[in-house]
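> requesting a structural model of the entry that follows:
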Amino acid sequence: MDGSSQNLGISSTPTGAGVTVDGRNIGTTPLTVDLKRKDNHTVKIALAGHYPYEMTITKKSNGWVWGNIVFGGLVGLAVDAISGSMYKLNPEQLNAELRKSDRASVTVQDNTIVVALTRTPDQSWEKIGELKHM
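From the prediction side, this is the model:
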């Protein structure tokens, strides 16, 4: 019902960051890219002076799969499975907030917490904890 590919809008703050999808250079933010629905995709966004951003775009079953089974039968289901149109890519929009590399940052992705630290703290930062070597 939805076709074998899907548009994904990619933006960043600040704009003008380089974007690669599955290892291919696509362009700079903001942009829209057409991705095959039957595959997961790795999106990397990078800008000089900022920490890079990476996310996996995953495929999920499209709600029309059940309608296709009812109306198209197994043949319709097989066609959608082969073409990838039985899937929907998630998320449909990607907005990366790129943090300056001279600051600490925390990101959460796929149940993983990533903490990036700097050895030279900014005097305006609030101390919230301390790591000690044992």
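
> tell me which residues form a beta bridge with the most centrally placed residue in the chain?
Centroid-nearest residue in the chain, with Cα atoms, centre = their mean: Met55, separated by 3.5 Å. Per DSSP bridges, the residues bridged to Met55 are Val43.

> check contacts around it.
42-43, 94, 96, 109 (Cβ atoms under 8 Å, 6 or more residues apart in numbering). (C-beta placed from N, C-alpha, C; glycine too.)

> who wins on neighbours among those?
Counting neighbours by other Cβ atoms under 10 Å, Ala96 leads the contacts of Met55 with 23 neighbours.

> give the contact list for that one.
Taking Cβ under 8 Å, 6+ apart as the test, what Ala96 contacts is 10-13, 17, 29, 45, 53, 55.

> those residues: which two are farthest apart?
Spanning the widest gap among the contacts of Ala96 are Thr13 and Met55, at 14.7 Å by Cβ to Cβ.

> need the helix or strand of the protein with the lowest average pLDDT.
helix 64-83 (a mean of 54; mean pLDDT, DSSP states H and E).

> tell me the helix or strand right after that helix.
Sequence-wise, the next helix or strand downstream of helix 64-83 (DSSP states H and E) is strand 87-90.

> what's that next one packed up against?
Using 3 or more Cβ pairs under 8 Å, 6 or more residues apart in numbering; DSSP states H and E, the elements in contact with strand 87-90 are strand 5-13, strand 53-61.

> so for the last one, what's the average pLDDT?
When pLDDT is averaged over strand 53-61, the result is 89.

> buried set for stretch 11-22?
Within stretch 11-22, the residues scored as buried using 16 or more other Cβ atoms under 10 Å are 11-12, 17-21.
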